[in-house]
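S.K.: everything below, folded, please.
(chains A and B)
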Number of protein chains: 2
Amino acid sequence: MSVTAAAGFAAAGVTAGLKKSGGLDLAIVENVGPLTSCATVFTTNRCQANPVIWSQQVMKDGVVRAIVLNSGGANCYTGSMGFQTTHATAEAVATELDISAVDVVVCSTGLIGEQLNLDLVKAGVFDAARALKTDAATSPEAGLLAAQAIMTTDTTPKQAVVVSPSGWTVGGMAKGAGMLAPGLATMLVVLTTDAVLNSAQLDAALREATRLTFDRLDSDGCMSTNDTVSLLGSGASGVEADVAEFTAALIALCQDLTLQLQGDAEGSAHDVAIEVRNADTEADAVTVARAVSRSALFKTAIYGNDPNWGRVLAAVGTTAAVFDPYGIDVAINDVQVCTAGEPDQPRELVDLTPRAVSVVIDLHAGSHSATVWTNDLTQEYVEENSAYSS
Amino acid sequence: MSVTAAAGFAAAGVTAGLKKSGGLDLAIVENVGPLTSCATVFTTNRCQANPVIWSQQVMKDGVVRAIVLNSGGANCYTGSMGFQTTHATAEAVATELDISAVDVVVCSTGLIGEQLNLDLVKAGVFDAARALKTDAATSPEAGLLAAQAIMTTDTTPKQAVVVSPSGWTVGGMAKGAGMLAPGLATMLVVLTTDAVLNSAQLDAALREATRLTFDRLDSDGCMSTNDTVSLLGSGASGVEADVAEFTAALIALCQDLTLQLQGDAEGSAHDVAIEVRNADTEADAVTVARAVSRSALFKTAIYGNDPNWGRVLAAVGTTAAVFDPYGIDVAINDVQVCTAGEPDQPRELVDLTPRAVSVVIDLHAGSHSATVWTNDLTQEYVEENSAYSS
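M.R.: Presented below is the predicted three-dimensional model:
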């Protein structure tokens, strides 16, 4: 159960032939209403793919009736021909579903700098639209097919759902295994709810949720050109949701998907949670945690089950956050290896064989905290990413 | 010929027993004058090792008579005991050479968070000082021993020399193979000259040279806690150097050492020069080049001989430099794969089998340019750094 868990949504996932592997590669999620609320956050990368440029225009009136997503090509840096492909994709969806093209968000993922085959995309849209018109389109199976169709190097589809005791549901699907770093959103995510909320309410909730979840996943430090996270509201439950309750549920849902993305990051052997405590500001806490999450030396050490805490402090020291360099504590998997800048417990006490790793950095500079989730840097990551486009 | 190429310098490299491998691990470079000019740039990492903290104080009067360097331990985050070790090292050198401890720069490199064995250091200083008093201490062989003694994961010692037709010489040695990223300096470097120049003149020349060379080497994005680049002036040639000519020679010397460091970077299979052209400012050019040099996905692609130029643009897009995202050209090894944001020459034409790789990014936003040197990200890098401290 994911994008079809909430009432008022249909989904389809088909094989259009865009992926060399021959797997599912095109999905449509349709909001059948009665509402057409929508909110979307896009990558903050200034080099944006054609579907991002298109979808930003679509979002301007806050009305979205369908999202079409493809894997097998990012349609980024493909020039005017690439933009025409995105436009024609939206038009094809509009024609098949009898809606307006300007109410169709388009998402693409895959290699940058290669044209998508529009004929294959159109045929895929036709097949997906036919599937959307069947009763099965609102089933969990249809949601699963859509989640599978957006996978690239993902090894498993990512889905989550939260059912509110108040009578509404929010669910979602995500893809992303490499180029996992924030721009606000991370990778392609579609979230759906049948709560009665307008686009402005969805937007506020979505920005808060992405800020605390997807935006704090930083697997490999690389920001995508195509990241898009959309939240569609059908209002089909007929229940006006309390905004605070809805936001909390959305955060939980996005947190769930974030950890699924982390757990399936390319070639990773460890899931690392870097928590910064007692920072002067929340921004300081995020900055310090992110600096550590981007240290190749720290990440390779974790891969080698080596609690090399000096590499944590070397990364902390590159930031402008408020702290006394000799007033920092570091604990790894609950062993306090450094207190006030001096060695404390022997590093040999740290057991890094489990997949889950906790790094806690206490700056003793204030009362704010934040966690950034990352992965280790492994030989498998290098292997997978050195061979991706060939 | 390196630190002993210029007149007025003696050097020694000995085995103190700090390295588990049993190799050379302690060096002293002595300035026997007549001048005692000196300039030093230190890491800008806020988490600084004890020798950096000590040596910053030593530099305050612009007089340095000797530099002692050890591998086998960074003496960083080792608390007050670690600082005492640094102080006692300087005192031991001072006693042996009959100089003042506050004229002794100390440099250390190795694992963070472990105490150095002071007894071993003192014994090493004693042996090195004895060697310094022999005639051989000014020979090329003595310079080589010193260059070898500061190696960590380096596979070869790094030395360079420039002899001016005006009658003075400048030479140097460097170590560094991992944690290669700027703070101004990179890693441990000792430069010596017999030109007649005062400390202020050396300082200006050194800052200009490091800004254009060591500071633009960014192998793995990680900034060290111990980086120190020192330039000692003996004045022994008796020739007052033209400052502009000296600066140009120093830049050439540092460039030579920088490329030696790049060529020996841990596990690297490619030396990548990222040149940004036609930027609005030099700072913009450096920012863009550095963003690409830190993209794990770009670096893994180069390792896989994959000219995946989309990863170049995805990294460029994360910066705030002045450019039109769809007005950028990219060439890899002289094949223009992207023109104005559209695919140009087929990526298959790019041959990435040679070790040297050139990436040229034309922003079409001004008239400034800069080059950053980096390496690919390889399975061997991951292997080497996951096993370093164990």
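
S.K.: please, where are all the helices along the stretch 151-300 of chain A?
M.R.: Along the stretch 151-300 of chain A, the stretches classed as helices by DSSP state H, counting those that start in this stretch are A:199-212, A:243-263, A:282-293, A:296-303.

S.K.: any part of the lowest-mean-pLDDT helix or strand in chain A near chain B?
M.R.: When each helix and strand of chain A is scored by mean pLDDT, DSSP states H and E, helix A:379-386 comes last, with a mean of 88. Yes: Helix A:379-386 comes into contact with chain B (C-beta under 8 Å from any C-beta of the partner chain), by way of A:379, A:381, A:382, A:383, A:385, A:386. For glycine as for every other residue, the C-beta is placed from the backbone atoms N, C-alpha and C.

S.K.: looking at the stretch 251-390 of chain A, which residue is nearest chain B?
M.R.: Checking the stretch 251-390 of chain A residue by residue against chain B with C-beta to the nearest C-beta singles out residue A:310 as nearest, at 2.4 Å.

S.K.: and that residue, what does it touch?
M.R.: When contacts are counted by C-beta atoms under 8 Å, 6 or more residues apart in numbering or on different chains, residue A:310 is found next to B:74, B:76, B:77, B:111, B:112, B:113, B:225.

S.K.: just the CA atoms of the helix or strand containing it, as CSV, please.
M.R.: Residue A:310 is part of helix A:309-316 when elements are defined by DSSP states H and E. What follows is the C-alpha trace of helix A:309-316 in CSV, where atoms were taken according to Å, rounded to 0.1, in the frame of the first residue of the first chain:
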residue,chain,number,x,y,z
TRP,A,309,37.1,9.6,15.5
GLY,A,310,39.9,11.9,14.5
ARG,A,311,38.3,12.0,11.1
VAL,A,312,35.0,13.1,12.7
LEU,A,313,36.7,16.1,14.4
ALA,A,314,38.7,16.9,11.3
ALA,A,315,35.4,17.3,9.4
VAL,A,316,33.8,19.3,12.2
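
S.K.: show me how far it is from its chain's centre.
M.R.: Average the C-alpha atoms of helix A:309-316, do the same for its chain, and the two points are 27 Å apart (C-alpha atoms, centre = their mean, to the nearest Å).

S.K.: try stretch A:26-35
M.R.: 20 Å.

S.K.: tell me how far the ends of that stretch are from each other?
M.R.: Using C-alpha to C-alpha, to the nearest Å, the span of stretch A:26-35 from its first residue to its last is 25 Å.

S.K.: in it, which residues are buried?
M.R.: Residues of stretch A:26-35 classed as buried: A:26, A:27, A:28, A:29, A:30, A:31, A:32, A:35 (neighbour count, 16 or more other C-beta atoms under 10 Å in any protein chain shown).

S.K.: now pLDDT too, for the residues you listed, in TSV please.
M.R.: TSV is the format used below for the buried residues of stretch A:26-35 (pLDDT from 0 to 100):
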residue	pLDDT
A:26	98
A:27	98
A:28	98
A:29	98
A:30	98
A:31	98
A:32	97
A:35	98
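
S.K.: most widely separated two among those?
M.R.: Based on C-beta to C-beta, the longest span within the buried residues of stretch A:26-35 runs between A:26 and A:35 and measures 25.6 Å.

S.K.: give me the pLDDT value at residue A:301.
M.R.: Residue A:301 is assigned 94 on the pLDDT scale.

S.K.: and the gap between the spatially closest residue to it that is not a sequence neighbour and residue B:29?
M.R.: In space, not counting the residues next to it along the chain, residue A:301 is nearest to residue A:308; the distance is 4.0 Å by C-beta to C-beta, 6 or more residues apart in numbering or on different chains. Counting by C-beta to C-beta, to the nearest Å, the separation of residue A:308 from residue B:29 is 30 Å.

S.K.: residue contacts, the residue of the stretch 101-250 of chain A at minimum distance from chain B?
M.R.: For the stretch 101-250 of chain A, the residue closest to chain B is residue A:112, as judged by C-beta to the nearest C-beta, at 2.3 Å. Taking C-beta under 8 Å, 6+ apart as the criterion, residue A:112 is in contact with A:49, A:74, A:76, A:77, A:225, B:308, B:309, B:310, B:311, B:313, B:314.

S.K.: nearest to residue B:138, of those?
M.R.: Closest approach between these and residue B:138, by C-beta to C-beta: residue B:311, at 49.8 Å.
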